[in-house]
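> How does the following fold in three dimensions:
(one chain, ligands or ions: 1)
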Amino acid sequence: MNGKIEVEHLSKTFKKGNVQAVKDVSFTVEEGEFFAFLGPNGAGKSTTVQILTTLINATGGKALVAGHDVIREPDQVRRYIGVALQETGVDPDLTGRELLELQANIFGFDKGAAKKRAEELLGIVQLTKDGERRVGNYSGGMRRRLDLALTLVNEPKILFLDEPTTGLDPSNRMAIWKELRRLNEENGTTIFLTTQYLEEADSLAHRISIINAGEIVATGTPKELKAQIGNDLITMTFKSKEDMLNAEQLMSEHLGDSEVINQNGKLTCYVEDGAKQLLTLVRILDEENIEVESVNLSSPTLDDIFLKITSEQKEEE
Ligand SMILES: Nc1ncnc2c1ncn2[C@@H]1O[C@H](COP(=O)(O)OP(=O)(O)OP(=O)(O)O)[C@@H](O)[C@H]1O
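Below is the predicted model:
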């Protein structure tokens, strides 16, 4: 047994609607690695998690989890993994403690051991004082923390988390982040996490793959990904839409088409020598009497990379 995830040319087409949700995806997650799958709604993140956790079958390619084939040896795979999916159906009438004890029973703990494990896990996810409340009355954040505790009952070697913090307030998000970091660092748990939040992937993961429309479009450490898009980022806003469109044209002529992105009323561009380019651009716009409202020069964040890669893809399509 190893704590690796090995994926080769994985594809999934849903017959219903003929949707190709995952297209020829390959990656490896090393034992003990914290890996994030980052992508927008509908990118194929949940589908990939469902395939890797044996809940649905791929229509092409191959995946090994903990050294076992997800299609031929699903029972072996399930022995070593923990899964927290986006929607979990639990009985709302049971208390948090009862649910944890039930889960421990399913994993073969006897009554005493199940009680002990439930107590430990309630402590880890800071739900000890809410353990006797019915899960139906838990808040969203409490539910997520309970979901995480449920996945930890059998001390999985590999943990799959599908958007574990979506919709949570900052303090609940921080509590989950802290626990995930601890599991990865202290227990050596391999973690595969999907997220739409760039700062989440940036802050937690050793490596990130960006997935868009079923395809991996970039992979690297957060630092490598940031380095991919050039040194500096210039952002400008304009007094009017007309000025913005004219500026877009002029800036594209100066910098080359692919370098200027028009998004949410702003123009952004990635350049090697930010300060020098900024002066040139302002001069060009001024000559044409285009009124610039604000100008900003900064280093790129993961957010910017994501925007750049996905907008390049849209252009290709
Ligand atoms: N059971 C299904 N039948 C048909 N199409 C599906 C099914 N499940 C997912 N899809 C489609 O596959 C694509 C990928 O969906 P998926 O849920 O994997 O994306 P996601 O990245 O997890 O998005 P989100 O962040 O919204 O959860 C979408 O177009 C979705 O509509």
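> What are the buried residues along stretch 236-246?
Neighbour-count burial for stretch 236-246, counted by 16 or more other C-beta atoms under 10 Å, picks out 236-238, 243-244, 246. The C-beta positions use only the backbone N, C-alpha and C, and glycine is treated the same way.
> got any ranges where the stretch 151-300 of the chain has weak pLDDT?
Applying pLDDT under 70 to the stretch 151-300 of the chain flags residues 228-231, 257-258, 300.
> who in it is up against the ligand?
residue 196 (C-beta under 6 Å from any ligand atom).
> For the ligand, give me its nearest residue in the stretch 151-300 of the chain.
Closest residue of the stretch 151-300 of the chain to the ligand, C-beta to the nearest ligand atom: residue 196 (5.7 Å).
> circling back to that earlier point, okay, the buried residues of stretch 236-246 in JSON lines with secondary structure next?
Output for these, formatted as JSON lines (DSSP: H, G, I helix; E, B strand; the rest coil):
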{"residue": "236", "secondary structure": "strand"}
{"residue": "237", "secondary structure": "strand"}
{"residue": "238", "secondary structure": "strand"}
{"residue": "243", "secondary structure": "helix"}
{"residue": "244", "secondary structure": "helix"}
{"residue": "246", "secondary structure": "helix"}
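> Quick check: of those residues, which lies closest to residue 121?
For these, the residue nearest residue 121 by C-beta to C-beta is residue 237; the value is 48.9 Å.
> now the closest one: how far from residue 38?
With distances taken as C-beta to C-beta, to the nearest Å, residue 237 is found 27 Å from residue 38.
> so where do the helices sit in the stretch 1-150 of the chain?
Here the stretch 1-150 of the chain has its helices, by DSSP state H, counting those that start in this stretch, at 45-52, 74-80, 96-106, 111-124, 140-152.
> which of those is buried the deepest?
Comparing those by mean neighbour count (mean count of other C-beta atoms under 10 Å), helix 45-52 comes out on top with a mean of 24.
> circling back: how deep is the residue of the stretch 151-300 of the chain closest to the ligand tucked in, by neighbour count?
Look at residue 196: counted by other C-beta atoms under 10 Å, it has 16 neighbours.
> Now do the same contact list for it.
Residue 196 makes contact with 38-41, 163, 166, according to C-beta atoms under 8 Å, 6 or more residues apart in numbering.
> could these be laid out in TSV, adding neighbour count?
Output for the contacts of residue 196, formatted as TSV (neighbours: other C-beta atoms under 10 Å):
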residue	neighbour count
38	26
39	25
40	13
41	6
163	21
166	15
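> if we can go back for a sec, relative to residue 113, which of the buried residues of stretch 236-246 is nearest.
residue 237 (60.8 Å).
> hey, what's that closest one bridged with?
Residue 237 forms beta bridges with residue 294, as assigned by DSSP bridges.
> pretty sure it is in contact with residue 290, am I right?
No: at 11.7 Å, residue 237 does not count as touching residue 290 under the criterion of C-beta atoms under 8 Å.
> quick one on the thing from earlier: how close does the residue of the stretch 151-300 of the chain closest to the ligand get to residue 96?
27 Å.
> Other residues contacting whichever strand or helix holds residue 235?
Using DSSP states H and E, residue 235 maps to strand 232-238. Defining contact as C-beta under 8 Å, 6+ apart, one finds that strand 232-238 is touched by 244, 247, 265-275, 277-278, 281, 290-300, 304.
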